[in-house]
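# below: sequence and its predicted model.
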Number of protein chains: 2
Amino acid sequence: MREFLRTKGFKMTPQRELIFRSFFEMGKHVSVDELYDKVRQQDSSVGYSTVWRNLKLICKVGLAEEVNLGDGVTRYDRATETPHGHFYCVDCKKLTEFDMDNIVGQLAIISRDNDFVPSGFKIEIQGRCRACREKEATPKKTTDAQAEAQKP
Amino acid sequence: MREFLRTKGFKMTPQRELIFRSFFEMGKHVSVDELYDKVRQQDSSVGYSTVWRNLKLICKVGLAEEVNLGDGVTRYDRATETPHGHFYCVDCKKLTEFDMDNIVGQLAIISRDNDFVPSGFKIEIQGRCRACREKEATPKKTTDAQAEAQKP
DNA sequence: CGGCCAAATGAAAACGATTTTCAATTTCGA
DNA sequence: TCGAAATTGAAAATCGTTTTCATTTGGCCG
Ligand SMILES: [Mn+2]
Ligand SMILES: [Mn+2]
Ligand SMILES: [Zn+2]
Ligand SMILES: [Zn+2]
């Protein structure tokens, strides 16, 4: 790793080492805050901006990429060998993955047909996961139009 | 429109009327600022929050939906009869659309196979549009590792 | 082994889009 | 017409992201 970074012109530091290791230990879809918390458990002197910068660096060197679900928080997803898509449960907000190998071909065709040279594909499927369907909870009826309209 | 909203418990106002009309007159992928500017051309007394709230309302009643490309700005996309995906040019940032009818079937199958009940699909293809490829401009070599790493 | 200098760090501040607050105004059904 | 509920505009609050800046550190070179 140290060597890998060095060849790209970056130095290794204790903080960086810890941040990189922590990131890869954590699951997928990690937010800055989550990683920051994890890192601070090991070394509470590491700064937030250092975590943020290193997360950006991890993306820059191609080891992860940002994921935006429109919930206001950027998450970082460890790069996978084969491209994958995301199921986003609108109830519990859980993010799960699926392989998109068999679809990439079609996306490439669509791109070609539209005179567009693709470099990356993102597929997000919103819906409800099994767990949430089984809970089948709170119908939660509309009562106050304004509250519904103006509040999240 | 007035009637449509009334049945959902919302009132019509001059501002709302103007905002809705302006939104549908504009192209796709409109940001709050863009719509705000357009609206102010007609009536400079309309407030920013009113524009924002009505954009949210348009989504709530199903006439549009938010689009997030991770560039920090939420855009609002008029709902289309048939679902469509987006080509996002990494150079000029232009967003163009493509029909995804022929892929939706597969996405539905993938969802079923993963025990997920889908309610919406989003496909984003990053790459370069024709215009940008033809410009084929500025190779822009890396010179300062830190600058490259820490600045956008 | 020093010395040097770009890279890296941490704290704090800046940013900027989004969202909320609140008092005043308006809509629309009873 | 009246009044409750919705809407509005201005301003402030939020809050994740990004930058600034003074200081420290890593790693290459002699
Ligand atoms: Mn993922
Ligand atoms: Mn669109
Ligand atoms: Zn769920
Ligand atoms: Zn382009």
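Sure, I can see it. Ligands and ions are numbered 1, 2, ... in the order given.
# quick one: low-confidence ranges for chain A?
A:137-152 (pLDDT under 70).
# contacting residues for the closest residue to ligand 1 within chain A?
In chain A, the residue that lies nearest ligand 1 is residue A:77 (4.2 Å; Cβ to the ion). Any C-beta I mention is one placed from the backbone N, CA and C, and that applies to glycine too. When the contact criterion is Cβ atoms under 8 Å, 6 or more residues apart in numbering or on different chains, the partners of residue A:77 are A:28, A:29, A:30, A:64, A:65, A:66, A:67.
# what residues are up against the fifth one?
Neighbour list for residue A:65: A:59, A:76, A:77, A:79 [criterion: Cβ under 8 Å, 6+ apart].
# host element of the first one?
With the criterion set as DSSP states H and E, the secondary-structure element containing residue A:59 is helix A:48-60.
# does DNA strand D sit close to that helix?
Yes: using Cβ under 7 Å from any atom of the strand, helix A:48-60 reaches DNA strand D at A:48, A:49, A:52, A:53, A:56.
# one more: stretch A:82-98?
No: shown here: stretch A:82-98 not in contact with DNA strand D (Cβ under 7 Å from any atom of the strand), separated by at least 13.9 Å.
# who touches that stretch?
Looking at what lies outside stretch A:82-98 - Cβ under 8 Å, 6+ apart - the contacts are A:28-29, A:67, A:69, A:71, A:75, A:99-101, A:103-104, A:120-129, A:131-132, A:135, B:110-111, B:114, B:116, B:118-119.
# just the buried ones among these, please.
A:28-29, A:67, A:69, A:75, A:100, A:103-104, A:121-129, A:132, B:110-111, B:114, B:116, B:118 (16 or more other Cβ atoms under 10 Å in any protein chain shown).
# show me the residues you listed that map onto helices.
Using DSSP state H, A:103, A:104, A:132, B:110, B:111 are the members of these that sit in helices.
# can you put these in a markdown table and add distance to ligand 3?
Compiled in a markdown table, those are given as follows (distance: Cβ to the ion, whole Å):
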| residue | distance to ligand 3 |
| --- | --- |
| A:103 | 23 |
| A:104 | 26 |
| A:132 | 3 |
| B:110 | 17 |
| B:111 | 13 |
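# check those and tell me the two furthest apart.
A:104 and A:132 (28.6 Å; Cβ to Cβ).
# flag every buried residue along stretch A:91-99.
Taking 16+ other Cβ under 10 Å as the basis for neighbour counts, the residues of stretch A:91-99 that come out buried are A:95, A:96, A:98.
# ok, so of the residues you listed, who is nearest residue B:42?
Comparing the buried residues of stretch A:91-99 against residue B:42 with Cβ to Cβ places residue A:95 closest, at 41.4 Å.
# now the closest one, which residues is it bridged with?
In this structure, residue A:95 has the following beta-bridge partners (DSSP bridges): residue A:88.
# correct me if wrong: residue A:129 contacts residue B:116.
Yes: the pair formed by residue A:129 and residue B:116 meets the contact definition of Cβ atoms under 8 Å, at 5.9 Å.
# on that earlier part again, among the residues of helix A:48-60 next to DNA strand D, the buried ones, what's the PyMOL command?
For anyone working in PyMOL, the buried entries among the residues of helix A:48-60 next to DNA strand D, judged by 16+ other Cβ under 10 Å, can be selected with:
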select buried, chain A and resi 52+53+56
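# among the residues of helix A:48-60 next to DNA strand D, which ones lie close to DNA strand C?
Near DNA strand C, judged by Cβ under 7 Å from any atom of the strand, the entries from the residues of helix A:48-60 next to DNA strand D are A:48, A:49, A:53.
# quick one: the longest strand along chain A to strand B:117-128, angle?
Across chain A, the strand with the greatest residue count (assigned by DSSP state E) is strand A:117-128. If you take axes from the mean of the first three to the mean of the last three Cα atoms, to 10 degrees, strand A:117-128 sits at 160 degrees to strand B:117-128.
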